[in-house]
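Peer 1: Pasting the sequence and the predicted coordinates here, then a few questions.
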Amino acid sequence: MSQELTYPDPPTPAFLFDLDGTLIDSVYQHVIAWRSALAGLGIDLSVWRIHRRIGMSGGLFVTALLRETGLSLDQGQIKELQKAHASAYAEQADSVRPLPGAIELLSELTARGVPWAIATSGRAATARLALGMLKLPEDTPMITRDQVRHAKPDPDLFLAGAALLKVDPRFAMVVGDSVWDLLAARRAGSLGIGLLSGGYGRDELERAGAFRVYADPADMLDRLYELGVRKAGSED
């Protein structure tokens, strides 16, 4: 009979969730808001070009689009554009809904004692609007763009989220819907989990570093066992 080996208990898994396109169905509201803001400055961009940059911070988003189009804006115009986007998004906020399974997934993780936080490129003024629709309290662990030096694809948001949960980023799993989430996760040293609910394809997410890809939060909830999340007292 083989003797059972003794070894340190493995760290409890922790999750860092992106928000838009990951927990709430808001990607296309952001796309339309950016298109409206850009049109206000006389810039006509196709929706697909805008969608490919959703997930970056507002400032980096604008810089990337300007580089692609060869246009130039001064800092005052960039700030005006960001304010116009926030205003246009707020007008559509009533149409935003939680993604299927998002509320249940967060509730199940909490019930199992699994730490989690939200880490979003959105600023607090818009991001915190999601707490009510997700049935989350105001003190929910959340890191927003306002709190870090750089947003995705830099790792700052996820490093700050891990610090907030007091976990090593290497033992956290980042859940996101865009390649920018997954690139940031890799740079933070965390495992990346991709969701198809933001409009990116499976191949794109896997190439960016996702080790698992699920359709949406409901699909992820159904297969939590694949991520090492067990029910209390489970030996399997």
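Peer 2: Here it is on my side, so go on. Because the structure is a prediction, the values reported are computed rather than measured.

Peer 1: and the helix or strand hosting Leu183, what other elements does it pack with?
Peer 2: In the assignment (DSSP states H and E), Leu183 maps to helix 179-188. Under the contact definition 3 or more CB pairs under 8 Å, 6 or more residues apart in numbering; DSSP states H and E, helix 179-188 sits against helix 156-165, strand 172-176, strand 191-195, helix 202-207. C-betas here are computed from N, CA, C, even on glycine.

Peer 1: Pull that helix out as PDB, backbone CA atoms only.
Peer 2: Written as PDB, here are the backbone C-alpha positions of helix 179-188 (Å, rounded to 0.1, in the frame of the first residue of the first chain):
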ATOM      1  CA  VAL A 179      -7.800  40.000 -26.000                       C
ATOM      2  CA  TRP A 180      -6.800  43.100 -24.000                       C
ATOM      3  CA  ASP A 181      -8.000  41.300 -20.800                       C
ATOM      4  CA  LEU A 182      -6.000  38.200 -21.600                       C
ATOM      5  CA  LEU A 183      -2.800  40.100 -22.600                       C
ATOM      6  CA  ALA A 184      -3.000  42.000 -19.300                       C
ATOM      7  CA  ALA A 185      -3.600  38.700 -17.400                       C
ATOM      8  CA  ARG A 186      -0.400  37.200 -18.900                       C
ATOM      9  CA  ARG A 187       1.600  40.300 -17.900                       C
ATOM     10  CA  ALA A 188       0.300  40.000 -14.400                       C
END
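
Peer 1: what comes into contact with it?
Peer 2: With CB atoms under 8 Å, 6 or more residues apart in numbering as the test, helix 179-188 has contacts from 16, 18, 22, 55-56, 121, 152-155, 157-159, 162, 169, 172, 174-176, 191-192, 194, 200, 204-205, 207-210.

Peer 1: Can you show me the strands along the chain?
Peer 2: Under the criterion DSSP state E, the chain contains strands at 14-17, 116-119, 142-143, 172-176, 191-195, 210-214.

Peer 1: Can I get those strands in TSV including mean pLDDT, distance to Leu99 and mean neighbour count?
Peer 2: Shown next, in TSV, are those (pLDDT from 0 to 100; distance: least, CB to CB, whole Å; neighbours: other CB atoms under 10 Å):
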stretch	mean pLDDT	distance to Leu99	mean neighbour count
strand 14-17	97	11	26
strand 116-119	98	13	26
strand 142-143	97	17	22
strand 172-176	97	11	28
strand 191-195	97	8	26
strand 210-214	96	11	20
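
Peer 1: Switch these over to TSV; also include distance to Gln75.
Peer 2: TSV is the format used below for the strands of the chain (distance: least, CB to CB, whole Å):
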stretch	distance to Gln75
strand 14-17	31
strand 116-119	27
strand 142-143	25
strand 172-176	29
strand 191-195	33
strand 210-214	35
